[in-house]
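Undergrad: Need a 3D model of the sequence below.
(chains A and B)
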Amino acid sequence: SAVISQKPSRDICQRGTSLTIQCQVDSQVTMMFWYRQQPGQSLTLIATANQGSEATYESGFVIDKFPISRPNLTFSTLTVSNMSPEDSSIYLCSVEGQGGSGANVLTFGAGSRLTVL
Amino acid sequence: AQKITQTQPGMFVQEKEAVTLDCTYDTSDQSYGLFWYKQPSSGEMIFLIYQGSYDEQNATEGRYSLNFQKARKSANLVISASQLGDSAMYFCAMREGPNSGYALNFGKGTSLLVTP
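TA: Numbers count the residues shown, from 1 in each chain, chains lettered A, B, ... in the order given. Okay, the predicted model is just below:
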């Protein structure tokens, strides 16, 4: 399965600032997915990023707040804009790959743990 | 509506015992996939096991097995011979048919604590 590197692994941010999270994959992938995990909660899909096209956002997430770039088949960034304490979460990048059972399995990066003060 | 329901917020099990983590799902698709992930305190999401809706046999991966009961729409994870390192959050997830895209819907998770 793909190896995903995410940066930063964690950060403490001030209210009103923006932070960009980077996701690097060791192989070319068509789709990359960005998830958010708020404290004590499950994972919620933010958007799907295809190379060469605009990201597709899920209900409740907008491009102005979470702009995404996908400049090539191995890299993507997610920016959390104008942060508030409610944005304190783990942000995870993921890609599809072949699992041992032959199914398409999502592989995740280690996540970026953001705390907004 | 919640597509994945995990009714056990927390579970305890003694080392070397087996434990079952419950998961029920809701879909009208005929073709779907069910997944279990483990999330240790470090935060990474680790894929454990997959069950396809057309698979007739329950999936197994080492100490993990999936008790798939299609008519009841349940996909419980069974961990045999629990180890201290199994202490983590466990998430059940579902991917529905092609028209629903490739994203996974996750349940709220079950926190498992393995005691000596």
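
Undergrad: looking at this, B:Phe12 is in a helix?
TA: No - using DSSP: H, G, I helix; E, B strand; the rest coil, the assignment for B:Phe12 is strand, not a helix.

Undergrad: Number of residues surrounding the closest residue to A:Ile12 other than its chain neighbours?
TA: Leaving aside its sequence neighbours, A:Ile12 sits nearest to A:Thr115 (C-beta to C-beta, 6 or more residues apart in numbering or on different chains; 4.8 Å). To be clear about C-beta, it is placed using only N, CA and C from the backbone, and glycine gets the same treatment. Other residues lying near A:Thr115 total 14 when counted by other C-beta atoms under 10 Å in any protein chain shown.

Undergrad: Distance check, A:Thr115 against B:Cys92.
TA: 28 Å (C-beta to C-beta, to the nearest Å).

Undergrad: quick one: contacts for the residue of chain B found nearest chain A?
TA: In chain B, the residue that lies nearest chain A is B:Met45 (3.9 Å; C-beta to the nearest C-beta). Counting by C-beta atoms under 8 Å, 6 or more residues apart in numbering or on different chains, B:Met45 touches A:Leu43, A:Leu92, A:Ser94, A:Leu106, A:Phe108, A:Gly111, B:Tyr37, B:Lys38, B:Gln39, B:Phe91.

Undergrad: roughly how far apart are it and A:Gly16?
TA: 30 Å.

Undergrad: Could you list the contact residues of chain B toward chain A?
TA: Within reach of chain A by C-beta under 8 Å from any C-beta of the partner chain, chain B has these residues: B:33, B:35, B:37, B:42-45, B:47, B:49-50, B:52, B:59, B:61, B:91, B:93, B:95, B:101-104, B:106-109.
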